[in-house]
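> Sequence plus the predicted model coming up.
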Amino acid sequence: MTLRVNDLKVYYQTLRGDVHALDGVTFDLADGEIMGLAGESGCGKTTLGKSLIRLDSRMRHIGGTIELDGKDVPIADEKAMVPLRYHEISLIPQYAMSALNPTRKIGRMINDLLRARGVRPADIADELKRRLELVGLDTDVLDRFPIELSGGMKQRVVMVMSTLLNPSLLIADEVTSALDVSTQRAVAESLVEFRDREYIKSMVFVTHDISLVYQMADTIMVMYAGHIVEKASASTIVNAPRHPYTQMLISALPEVGSTTEQGRLEGIPGTPPGLLNPPTGCRFKDRCPLAFAKCAERPPLVEIEPGHWAACWKTG
Amino acid sequence: MLELSHVHKVYRVGAFGGGRLRAVRDVSLKVESGEVVSLIGESGSGKSTLGKMVLGLFKPTSGVISFDGTDITTIRGHAARKAYYRRVQGVFQDPFSSFNPIFKADRVFEMIRSSYFPGTSDADWRERVLKAVGTVRLDPENVLGKYPHQLSGGQLQRLLIARALLLDVDLLVADEVISMLDASTRIDVLNLLADLKERGMAILFVTHDLSLGNYVSDRSVILRKGAIAEMGPTARVFENPLHPYSRHLLSCVPQLHRTWAEVDAEMKANPPEDIDLPVAPDEESAPLLEAEKGHFVGIDQG
Amino acid sequence: MSEIAGAPGTADAAGGPEPTTERKTSEVLHFAVRNPKLLIGLGIVLSLLLLGIIGPLFIEHGPNEYVGPKSQPPSGEYWLGTTSFGQDIWAQFVFGLRATFLIGVFGGGVAFVIGTTVGFVAGYKGGIVDEILNMLTNVVLVLPALVVLIVITAYLEVRGVFIQGVFIGLTSWPWAARAVRSQALSLSTRDYVDLARLSGRRTWRIITTEIAPNMSSYLVMSFILLFGGSILIAAGLDFIGLGPTNGVSLGLMLESAMKWSSLYLGMWWWFIPPGLGITAIVGSLYILNVGLDEVFNPKLREL
């Protein structure tokens, strides 16, 4: 078991009170697993991704534990986390293209980063070149400034950079959302390749695009309003989802080839609840057609069949 | 109704405006009344520039954009522009940027009123607003009198569509209107556009997402680097893409029930026939070739 | 669609229905009352302003009248002492404060109006209008303003506070224009500005109702800086003898103090009050400005 997250709670502190962005999240990630983390904006997926590596100043660890390869990840302890980053856990941020310092050449930036992590750049130079070639970049990008690269190229540079020390866990946060479809495919396929070559052991791929994550992930975990609603293999989530939210979400997605003449798709009425004072019980109950009295209690995430977890009283 | 003929847009870039950036290259297309036309393209394809030129926010470098026979690039003066916007309106990509954050969201309706219906009585206007808000399936209680940040992106986009309804425009330019919305609400906005089409409104639907492009549209235009790569009835373009670029795009779109590997395998099993693409005689023009009735392919840009 | 990195998106989405103006105002106030720079700056400026407004009301004689014994150090009767001619320095000081604030209002006001108008029009219109206005701005910017002012004021026979303010304003607007232009340029690409155009709004209404309110904090800060700048320029002009004729100002006080050798005579009470006054006003205006910046700009807020 690579990653084990147990009842993790992370809140945002605001002037108006705590935002319960992540409210009791429990899941496991196996060796070699690529997990797609899907959900709508504000569901807590980005917060979960960040919580696994670095809490920013407004995020507060309320409870729960994270274990990576059997060792505790002390997420609330900024100092203790430093040696873990890059070596054990690495992140490709959402706006990786703006994460690069515009005044430094790529190569110098990578060297600085390695030195800061206690690694001699010379030891790893060959590997760096090999990996750049693997993602389809010329090694002369090292002598270029970020501004000379396209968005897709920058994204791939950041990808190589953040996996150079073979971290156990990689968190990719919406890494393809800003890219064009053709680049998107190339980047997604390189990420899978990284896993296949064991540069990384496992990956959490945060995205809002279920059809994209279906292309590359082994499992998909769907979040809603700070809770996990369902986790199962990618094909199960897409073809046989059990949680009403997942079902409605999947059926709301237009596909290449679907038209209004063939029958209209339906959205989900209503909006997600605010997380400043979240409702008790199942957070989807106000929009759920199946809701009944029991939904006032929070449904636990249970394994309804091997490898398929859902948090709904109706599926249990 | 709307006709673009050999429209070009060239930007001056770089220090002293020495460089040239060709954003739109020799685009000719038509939108008939009551028709939805999708402009599909990746970033840098010129799709948004085209939309903004139709809205008169940018001027084309050359070419004619005519609306019911009038060349809109020759519109001068405030009154004439106002008359044009009485019939043509736009909805933009970012709902949160479409509303001035310091005012209430329904101020967009008041602006329409003060510009176009100054004589309407309060009661009469309120009734019209309620009707338009109802048509876009919003609960007036929930949206009127609220500030933009209190509403969701989907609600804001629907308010903007309601705004166009108040004017009862003939043509709506919808520029990436759903790309910032969540999956569970974007389909509602798409359905709403289909409703508008049934009411006889023509829509120019600008999008980067192929799967959305064909859900509502009658005809699709695939743009690449400012020029038309392929144009035709939506069903034909998606079932039988002729331009290599269109095929490539379709093979890269993540689909919900087919993986990329399956799509690739299918392509390999039934390789599509290559057709001869038209050749551009110079750097500026981009001729189209009618491969089958109403289905055009454009130049190959490598 | 994509989640905003960090909390604001989450926090805003989570925000229940409550009026935003209230929220925004209270948020600004929350930080304002906790910002020592803002409070100190504002406190000093306001008390000096109050002194300039109220002080002269309690003085029966004119500031330049010869009322008392000559060269008196501060005493119970003459709080700040007298000049070598027997003028009451306290009276000169409070009248001078008033004049100094007036010059700030006139000079800063004129520069603000010209600068923001040029900036807004250039930023919003863009293209050739922008280029022409930008050129004009740059020309005025490189003019040696003080030299021009000296030449102009030297030719004027009667100089009042008002005229002086106007001329200072006419030469000090360019940087405000540049600052406003760059803001207006970025704001005018927002979709709601396009939407206002599509609603048949005229240019000036778009500028005044869509763009300007969204940079109000920026405008306030520009005005404060122009205000302080005008006071400094005026003090400089006064000091070299080109101040208001027959008037009184802190700069003029300094000038006469120097002219009549107060420094050599050890009459510190003559030159310290006006010098300190100018320093206090301008200095606290800048502190106030930094404080405002921290209040309005969330990135600079010290929690």
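Structure received.
> Which strand or helix spans residue C:183?
helix C:174-187 (DSSP states H and E).
> Report all helices and strands that that helix contacts.
Helix C:174-187 is packed against helix C:89-125, helix C:127-142, helix C:216-239, with contacts defined by 3 or more Cβ pairs under 8 Å, 6 or more residues apart in numbering or on different chains; DSSP states H and E. For the C-beta atoms, the positions are set from N, CA and C on the backbone; glycine is no exception.
> what's the closest of these to chain B?
helix C:216-239 (8.7 Å; Cβ to the nearest Cβ).
> Give me the buried positions along the closest one.
C:218-219, C:221-239 (16 or more other Cβ atoms under 10 Å in any protein chain shown).
> how about it, does it reach chain B?
No. Judged by Cβ under 8 Å from any Cβ of the partner chain, helix C:216-239 makes no contact with chain B; its nearest approach is 8.7 Å.
> And stretch C:130-148, by the same measure?
No. Stretch C:130-148 lies apart from chain B when judged by Cβ under 8 Å from any Cβ; the minimum separation is 10.1 Å.
> Please put the alpha-carbon coordinates of that stretch into PDB.
The C-alpha trace of stretch C:130-148 is given here as PDB (Å, rounded to 0.1, in the frame of the first residue of the first chain):
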ATOM      1  CA  ASP C 130      -3.300  56.200 -26.700                       C
ATOM      2  CA  GLU C 131      -0.100  56.900 -28.700                       C
ATOM      3  CA  ILE C 132      -0.800  60.600 -29.000                       C
ATOM      4  CA  LEU C 133      -1.700  61.000 -25.300                       C
ATOM      5  CA  ASN C 134       1.200  58.900 -24.300                       C
ATOM      6  CA  MET C 135       3.500  61.100 -26.300                       C
ATOM      7  CA  LEU C 136       2.100  64.200 -24.700                       C
ATOM      8  CA  THR C 137       2.500  62.700 -21.200                       C
ATOM      9  CA  ASN C 138       6.100  61.800 -21.900                       C
ATOM     10  CA  VAL C 139       6.900  65.300 -23.200                       C
ATOM     11  CA  VAL C 140       5.500  66.900 -20.000                       C
ATOM     12  CA  LEU C 141       7.200  64.200 -17.900                       C
ATOM     13  CA  VAL C 142      10.700  65.100 -19.200                       C
ATOM     14  CA  LEU C 143      10.100  68.900 -18.900                       C
ATOM     15  CA  PRO C 144      12.200  70.200 -16.000                       C
ATOM     16  CA  ALA C 145       9.100  71.100 -14.100                       C
ATOM     17  CA  LEU C 146      10.700  73.200 -11.500                       C
ATOM     18  CA  VAL C 147      12.500  75.400 -14.100                       C
ATOM     19  CA  VAL C 148       9.200  75.900 -16.000                       C
END
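> ok, residues contacting stretch A:252-261?
A:210-211, A:265-268, B:183-184, B:186-187, B:190-191, B:194, B:210-212, B:214-216, B:234-235, B:238, B:250, B:253, B:255-257 (Cβ atoms under 8 Å, 6 or more residues apart in numbering or on different chains).
> Let me know the secondary structure of residue B:66.
strand (DSSP: H, G, I helix; E, B strand; the rest coil).
> Pull the contacting residues for it.
B:2, B:3, B:5, B:72.
> So which of the helices and strands packed on helix C:174-187 is nearest chain A?
helix C:216-239 (18.5 Å).
> Pull out the buried residues from the next helix or strand after the closest one.
On the C-terminal side of helix C:216-239, the closest following helix or strand by DSSP H and E is helix C:250-259. Across helix C:250-259, burial judged by 16+ other Cβ under 10 Å covers C:250, C:251, C:252, C:253, C:254, C:255, C:256, C:257.
> ok, and what's touching stretch A:61-69?
Under Cβ under 8 Å, 6+ apart, the answer for stretch A:61-69 is A:2-11, A:24-26, A:51-52, A:55, A:72-73, A:75-76, A:84, A:88-89, A:168-169.
> follow-up on the earlier one: buried among the contacts of stretch A:252-261? Need that as a selection in PyMOL.
Here is the PyMOL command that selects the buried residues among these (16+ other Cβ under 10 Å):
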select buried, (chain A and resi 210+211+265+267+268) or (chain B and resi 183+184+186+187+190+191+194+210+211+212+214+215+216+234+235+238+250+253+255+256)
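> What parts of the stretch 101-250 of chain A come near chain C?
So the stretch 101-250 of chain A meets chain C at A:173, A:174, A:177, A:208 (Cβ under 8 Å from any Cβ).
> Format these as a markdown table; extra columns: secondary structure.
Output for these, formatted as a markdown table (three-state DSSP):
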| residue | secondary structure |
| --- | --- |
| A:173 | strand |
| A:174 | coil |
| A:177 | coil |
| A:208 | coil |
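> quick check, nearest of the residues you listed to residue C:110?
Distance to residue C:110, by Cβ to Cβ, is smallest for residue A:177 among those, at 49.3 Å.
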